[in-house]
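Asks: Mind folding the following:
(2 chains)
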Amino acid sequence: MNLRPTQSAIFSQIQRDLAFNLRKLVRAQEQVASGKRIQRPSDDPIGSSKAMSLQRQISASDRYLGAVADGRVLLDTGAGILQEGTGLLADARAILVQGLNGTLNAQDRTLLADEVRLIRDRLLDIANSKSSSQFLFGGTHLESNPFQESTISGKSKVTYVGNDQVKSLQIGQSSTLAVTVAGDQIFARDERSGTSFTTSTGIQSGVSANEGTGFETLTLRHDATVATLSGGLSLVNGGVQDSILGTHTLTVDAVAGTVRLGSGPALAIPSPGSANVADFVIADEHGAQLHLDFSGFTGGSFSDSVVGAGSISIDGTNFVALSFAETDLQLVHAQSGSVLHVDTTQVHSAGSELVTFQGAVNVFDVLEGIAGDLSNTDGIALEDALERLGVWMGELDRNSANVLSGATQLGSRSAGATATAERLADSQTWMQATLSGVEDADYADVVLQMTRAEQTLQLTQATSVRLMQNSLLEFLR
Amino acid sequence: MSLASSIGLKSLLAAQAGLESVGHNLANANTPGYSRQTLYNSTSAPIRMGGLLRGTGLQLGVVQRTVDTLLHARIARQVAAVGRSEAKVGALSEVEAMLGSGGGVPKLLQSFFSGISSLTSAPDDSVLRGGVVQGTDDLASGLREVVSRLDSLAQDTLGNMSSMVDQVNVLADEVGELNRRIRELEFSSGPANDLRDQRDQAVLELARLVDAQVIEQADGVRVLVGGHQLVGPNSVAELSVVSSAGQGTAQFFLGNTSSPVKIAGGALGGLNAVLSATMPDLQGKLDSFARALILEANRVHSSGVGSRGPFQQLVASNAVADSDGDGNLGEELLSKSGLPFDVVDGELYVTVTHAQSGQAQRSRIAIDAGSTTVDGFLQSLNELGPISAKLDSTGHVRIAASAGYGFDFGLGLDPNPDPAGSFGGGHASLASSANGPFGVSAGDSLQLSGPLGPFTVTFPAGSIAQNGQAQAQELAAVLNADAQFSANGLTALALGDRLVVQTVGTGASNAFTVVGGSALTGLGWTAGTAVAGSNTAVDVVMGGRYLGTANGKLVLEAASDGVVGSSPSLLVRVFDETGAQLSEFDLGANYVPGTAVEVAPGVWAKFGVGTLSATHGDFFSTDLVADSDTTDVLVALGLNGLFVGQDAASIAINKDIAATPDLLAAALSSGGGDAQNLLQLLALDSAGLEELGGATLGEGYADAVNGLGLELQGEGATWDAEQFVLDGLEARRDEVSGVNVDEELVRMIEHEQAFAAAAQFLRVVNDLSSELMNIL
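Replies: You can find the predicted model right below:
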């Protein structure tokens, strides 16, 4: 309380009061003009700290949303492509079923084989597909196509040169989204469970374990026929056209007039003068053939032992002679690295044998194998070809399941990503709202403050004038 | 009659003087620092006249100013406090404005991470890579900009302080001058009221600038600053300011004193507080932020691989300094060679790749902070073979790979962990049953039998450093040097810590026998052991990504003899580097050769058809790397870093990466689409960093900005409070010393009436005199 007010004290007080109220007005106006309650950290350091923290979170959330968007593009593209792949494989299966129909002729089968090859080429294309510059199914491999074609032993094979890494994007503070599946898991999944041999030549798996992927074709070659024939029988051309391998028994029954090889069908002995007397073909129960020359046949019943000498090759070029007593002969393919152990004791004829590493044939090799056997590139008998097609069916189904599961995986991840995006967007909205609450000026409140400050200012100005005017000077005229 | 006249005359003069005093007050009603003056009259001494003591009227007294000196001293102190707060608020507001309310760097930091996030989906995209390079450069230059602005602000503040010091000196001179004039005037006349008012005002202006202690003495006013005399009754000292080393602190010196004067209050004190405490504190926080960013980002980046794959050459960005001043840089300890970041005990894994074949060899270099020198480190690198490492003339480490090779510090798994074929390989291979050192001494011998027949190799004196503790390398060296040994087509290797004797050729036809010798027991071999090769090798292939968090070593040992995939039971045991068994699996009949078996978290191994033999000690080991540089030597030297520099003023993007965005290490292993290292960099956004006391990068910077905001807010509140007190004191002063115009006008009327009365009195006296004259 001022006991002795002086003019200068009054004037100073008035000046201070006016400045005070004007400051409040200016402050309110500042908030209205910028829309922000906090112009600088010192206005409200705690609030400013909260606001900066929220801004960091919103910025991080933007990043995650961007990553989810990028990821969804990859996932959806991949899933779409694999759906197409599933369709292609279904078509291939239908063609295979058709091919198994025994009533088709070679020409029809060749047409089917061409269709299968087209499907394989298309599938290879989509397995090597890219999204912008990234291979979708190559892991993190970028330099070349992840699925490469090459020719091994005259057969076209596909190998996976990508890697098993999965591309991940960060979609949360500690969560990542895997946006690819490695190509080998879809098109070349290794679920090996053993080897399977077809049965056209009688060769079997040996004692030791086998190692390899895909399939190998064993070529058993007939080199010579060794036999001491009774009854004036002789071999034709030294046995070059024969396909028997191993020891077979030739039984001639003069009484019944039949000749049979092993347990094969007993055929009537050709009479002299018949067309095939000099080159009579007889086959055993497995179809192994022996050519006999009956022109010097003197008659009689006897049993002779006929031995077919042969050799085996895994790669079609290097042959190893067989003794037909091997139980664990090791064959190594230098190019593909496959190691096979075979038992030759039951080998009965020459030919081509398909050895598949079950669960380890990739879908392209399966399709190539199907096409090859439909067009009979190995030159095998129809039953053998049908047997092989049966083997391919199993592998084709296995691969189709993998492709479908790949498509499902990518699809469900995409759905999950969508859900994450929605969640992120929701939480971002909440954060924006909180940020606004902390940072933004409450217009109603601020306008009220402004009005009040303005009123107070005007009142102060009015009363100040009154105060300043009252002086003794007014009355001393 | 004359008495009455003199009384009347004195009244007139007194009334006149009173009026003049009132007029003086009215004129100076609004003069700052003016204290109202009052004329104090007293009655004059009575005289004895005619037996009576008669009054003689009034006598002029003294014009006194009404002032409260204690209040003045208090006001001086308060003015200093207000001046201090005001100056502090001003300077802090400038710093805050300079920081841009944090809008600059935090946004740049977020853009940096956004760019990296976009790159993860397409790591080979050159546009996105360019974006990351730009974001990194912007962040680094943003930080440098803030520091440079802080620097110039400090310079400006110093300039301000300098001109304030000049002002102080001017005011001090004024006070000194007034001291002299007041003393001179008051010697002859009465109180020099107006000059005293001027002096008081000057003292207050001085107090606003420095916290002055004012002592009013008879011979003048003494002003003390920081305990030392600035203005004395007869002398004035000069205040000066000296700034140390560019920016930082400023020191004040008074006159010729050698020790600095402490100024804590007034505007100078306020500015000094900001200059010597707030700004260095902020600089320190910015430096911590920059260092944390450089250290953590480089830690992640240095173990990564760019899209061009392994490096041909790397040059360190930090130079080794000659800390002991002897001119020899190589012998400095790595940990004490003036590098900006610490090097600690640990290991560094270097992978050397042969470009054409793709074969990779990983080696481990151990570093001990207390004993590894720069030369020692370079030597370990050179021992890797196709690597040459040296220190160039400017103290930077240079590492180069020979033609056809490349090197990196990546985490990729070695896909062929058994190049020597000691685990069921094609060679005839015999390994010692356990790790060295072995109980073999000089003079012991080993008797073997090869294709050329039996022979003996003796370990000569000097070949084994410690008898009974022979190292595998020592034994292998002796064996390989023996002519008969190599003539028989044999070779000896030290793999890990085991000794392995092998035939050079592979295949079942290669064989040798251990016949005997005194070294057998030490190596764990039995006499008569025949070892033969095999046509098929187990060919171990490893893959996957190691998910563990600590570096380790994996040792796989055959626990029985047999053929992979065929024998009824063929056990293999997995051990870690301490020898503890981690797992055991069966490669026998139930195993399909080529199937993957998990041997460590995230790591699988495939085994092909071949034979394993526990009696021949078949084993192999491989490193599992979670962190390829636990010593931080790469960060300290600045090899393959993303940033260079060591604080906020020097942080910059590695210029090699800026020029060639392909060098940005997005991958952790080869494979152009690998973005694992980018994910690691992204993790830095939310990781609590040790260098920032557990705060994340964003939090650390925000703390610096908001800390300043808090200080400013607090100082603003202090200013308001101090100003309020000052206002109160000044109001009180006004109460005492201020001019109330109405009061003066009343007094004016008072004096006017007194003058009129005295004039009337004199008229009457005059009339009386005239009457007297008339009688005569």
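
Asks: pretty sure residue B:432 is touching residue B:438, no?
Replies: Yes: between residue B:432 and residue B:438 a contact is recorded at 6.6 Å, counting by C-beta atoms under 8 Å. Bear in mind the C-beta positions are built from the backbone N, C-alpha and C, glycine included.

Asks: what does the stretch 201-350 of chain A put close to chain B?
Replies: The stretch 201-350 of chain A comes close to chain B at residues A:207, A:208, A:209, A:210, A:211, A:212, A:213, A:330, A:332, A:337, A:339, as judged by C-beta under 8 Å from any C-beta of the partner chain.

Asks: tell me the phi and psi of the first one?
Replies: For residue A:207, the backbone dihedrals are phi -80, psi -50 (criterion: degrees, to the nearest 10).

Asks: close enough to count as contact, it and residue A:328?
Replies: Yes: using C-beta under 8 Å, residue A:207 is in contact with residue A:328, at 4.5 Å.

Asks: Overlap in contacts, these two.
Replies: Common contacts of residue A:207 and residue A:328 (C-beta atoms under 8 Å, 6 or more residues apart in numbering or on different chains): A:341, A:343.

Asks: Report how many residues lie close to residue B:326.
Replies: Look at residue B:326: counted by other C-beta atoms under 10 Å in any protein chain shown, it has 9 neighbours.

Asks: Quick check: closest non-adjacent residue to residue B:193.
Replies: residue B:65 (4.3 Å; C-beta to C-beta, 6 or more residues apart in numbering or on different chains).

Asks: Then residue B:267?
Replies: Nearest non-adjacent residue to residue B:267 (C-beta to C-beta, 6+ apart): residue B:87, at 3.8 Å.

Asks: Residue B:594 versus the residue in the stretch 101-250 of chain A that chain B sits nearest to, what's the distance?
Replies: Closest residue of the stretch 101-250 of chain A to chain B, C-beta to the nearest C-beta: residue A:209 (2.4 Å). Distance of residue A:209 to residue B:594, computed by C-beta to C-beta, to the nearest Å: 10 Å.

Asks: follow-up on the earlier one: chain center to the one helix or strand the residue nearest to residue B:267 maps to, what's the gap?
Replies: Using DSSP states H and E, residue B:87 falls within helix B:69-99. Relative to its chain's centre, helix B:69-99 lies at 31 Å (C-alpha atoms, centre = their mean, to the nearest Å).

Asks: got the buried residues for that helix?
Replies: For helix B:69-99, the neighbour count (16 or more other C-beta atoms under 10 Å in any protein chain shown) marks B:71-93, B:95-96, B:98-99 as buried.

Asks: residue in the stretch 401-550 of chain B nearest to chain A?
Replies: Counting by C-beta to the nearest C-beta, the stretch 401-550 of chain B gets nearest chain A through residue B:536, at 5.7 Å.

Asks: Hmm, I typed the wrong one, I wanted the stretch 451-600 of chain B.
Replies: For the stretch 451-600 of chain B, C-beta to the nearest C-beta, closest residue to chain A: residue B:565, 2.4 Å.

Asks: Count the neighbours of that residue for me.
Replies: Neighbourhood size, residue B:565 [other C-beta under 10 Å]: 26.

Asks: so it sits in a helix?
Replies: No: counting by DSSP: H, G, I helix; E, B strand; the rest coil, residue B:565 falls outside a helix, being coil.

Asks: can you tell me how far it sits from residue B:508?
Replies: According to C-beta to C-beta, residue B:565 stands 18 Å off from residue B:508.

Asks: tell me which strands and helices the helix holding residue B:87 is in contact with?
Replies: When contacts are defined as 3 or more C-beta pairs under 8 Å, 6 or more residues apart in numbering or on different chains; DSSP states H and E, helix B:69-99 packs onto helix B:126-188, helix B:193-209, strand B:212-217, helix B:266-273, helix B:697-737.

Asks: rounded to a whole number, what's the mean pLDDT of the helix or strand following it?
Replies: Counting by DSSP H and E, the next helix or strand C-terminal to helix B:69-99 is helix B:105-120. The average pLDDT within helix B:105-120 is 93.

Asks: which residues in the stretch 151-300 of chain A form helices?
Replies: Counting by DSSP state H, counting those that start in this stretch, the stretch 151-300 of chain A has helices at residues A:183-187.
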